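Engineer: just a sequence and a predicted model for now, questions to come.
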Amino acid sequence: MATSTQDITIKIKLLEEPEERYSTNGPFHNVMAIDDNGNIHEVKIWKDGCIRKFAKGAFLELRRFTNCRDGGIGVNKYTKITRTGNNAFAVEKEKDTHFHEPEVVPLADLEHSPRKRRVSVVARIDKVSQEQQTTNKTRKRDLLLTDGVRSVQMNLWGQQCDMQVTEGARVKIGPVIVDQYKETNNINSTLSTKIQVIEEAEENGTLQGIDTTEKCLLIDGVHMPYRGDITTLGSEDYIISKLPFQIIFKKDNGTVIELRPLEQPPSTRAETTRKPSKMPSRSATNTK
């Protein structure tokens with residue numbers, strides 16, 4: 001249960017704008033704050049008529065707040081809220097940066113991360129769900145993220161559902177919060193969450209062989225898996241007849257995701273529309 005802390009005052013700075021949420025006890029606002037000792041707190045605001053005081057960047061003193069069971073601070077009708085001057089206390093730049101731009105971690109690290117850990121991730125958006133509403137009418141959208149090693153579900157909440165997301169895009173997402181549902185860790189958006197599309201760098205190389213059964217390419221003597229449609233280069237027979245030749249390609253975690261010929265003479269363009277023919281199961285190369 002929450003316990004009253006009547007004779008203690010805490011000084012805080014609001015790190016983001018409050019977000020409206022819903023619970024079995026009704027609607028409330030949630031916001032993250034840092035105190036004058038550098039500790040981060042989740043503040044739950046149940047008191048009516050005071051939300052305008054909780055603007056991002058505001059410095060406040062709270063007295064007679066409650067300690068919530070999940071470790072947060074509860075602001076209710078008994079809480080005295082005092083607005084203090086700008087820069088009422090100094091906030092370490094490192095802590096502010098870590099809050100708004102937390103470290104990037106592999107998806108595998110999230111498997112055993114504690115709840116409410118604040119991180120950033122780099123991954124590919126594998127699936128995007130349609131927007132839905134929870135039983136308390138909160139907007140929600142699910143993303144399935146993968147980095148080639150692990151996959152994790154991300155939940156976009158509220159106005160974050162309006163963010164532009166595209167299946168197949170490689171993105172940096174943060175800050176996000178680690179959560180758990182049915183004993184499986186996932187990540188949730190915050191009001192500060194941003195999605196940044198990462199453009200993979202193009203590379204030049206020599207395509208020396210293909211294996212359509214194993215979905216593998218031989219580029220500059222290195223076998224690389226590929227994802228997508230190899231026939232963007234032409235029919236399989238056409239590709240083999242032209243090996244080796246120069247290509248431009250992009251990789252994601254060692255997997256070729258996009259490729260095209262470095263040069264393609266006009267007289268051969270019609271070949272690219274031919275229907276693919278069957279290929280041997282092993283890597284095919286041309287020794288010319």
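Structural biologist: Ah, there it is. In this text, all values refer to a predicted model and were calculated from it rather than measured experimentally.

Engineer: going forward, measure contacts and count neighbours with C-alpha atoms only.
Structural biologist: Noted.

Engineer: where in the stretch 1-150 of the chain is pLDDT low?
Structural biologist: Where the stretch 1-150 of the chain drops to pLDDT under 70, the residues are 1-6.

Engineer: and the helices in it, which stretches?
Structural biologist: Secondary structure of the stretch 1-150 of the chain (DSSP state H, counting those that start in this stretch): helices located at 93-100.

Engineer: all strands for the stretch 101-250 of the chain, in order.
Structural biologist: Taking DSSP state E, counting those that start in this stretch as the criterion, the stretch 101-250 of the chain contains strands spanning 118-128, 132-133, 139-146, 151-157, 170-181, 184-197, 202-211, 216-219, 222-225, 245-252.

Engineer: partner strands of the longest one and their direction?
Structural biologist: Pairing partners of strand 184-197, with direction, according to DSSP bridges: strand 151-157 (parallel), strand 170-181 (antiparallel).

Engineer: kindly report the same for the second one.
Structural biologist: Neighbouring strands of strand 132-133 in its sheet, by DSSP bridges, are strand 139-146 (antiparallel).

Engineer: tilt between the strand it pairs with and strand 118-128?
Structural biologist: Taking axes from the mean of the first three to the mean of the last three C-alpha atoms, to 10 degrees, one finds that strand 139-146 is oriented at 90 degrees with respect to strand 118-128.

Engineer: mind saving the C-alpha coords of strand 139-146 as CSV?
Structural biologist: Listed in CSV are the C-alpha atoms of strand 139-146, where the atom choice follows Å, rounded to 0.1, in the frame of the first residue of the first chain:
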residue,chain,number,x,y,z
ARG,A,139,-4.4,3.9,-28.1
LYS,A,140,-1.8,1.2,-28.7
ARG,A,141,0.3,-0.1,-31.6
ASP,A,142,2.7,-3.1,-31.6
LEU,A,143,6.0,-3.4,-33.4
LEU,A,144,8.1,-6.5,-33.8
LEU,A,145,11.8,-5.6,-33.8
THR,A,146,14.7,-7.8,-34.8
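
Engineer: just to revisit the earlier point, let me have the strands paired with strand 184-197 in JSON lines, extended by distance to Glu202, mean pLDDT and mean neighbour count.
Structural biologist: What follows is the strands paired with strand 184-197, written out as JSON lines (distance: least, C-alpha to C-alpha, whole Å; pLDDT from 0 to 100; neighbours: other C-alpha atoms under 10 Å):
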{"stretch": "strand 151-157", "distance to Glu202": "25", "mean pLDDT": "95", "mean neighbour count": "21"}
{"stretch": "strand 170-181", "distance to Glu202": "14", "mean pLDDT": "93", "mean neighbour count": "20"}
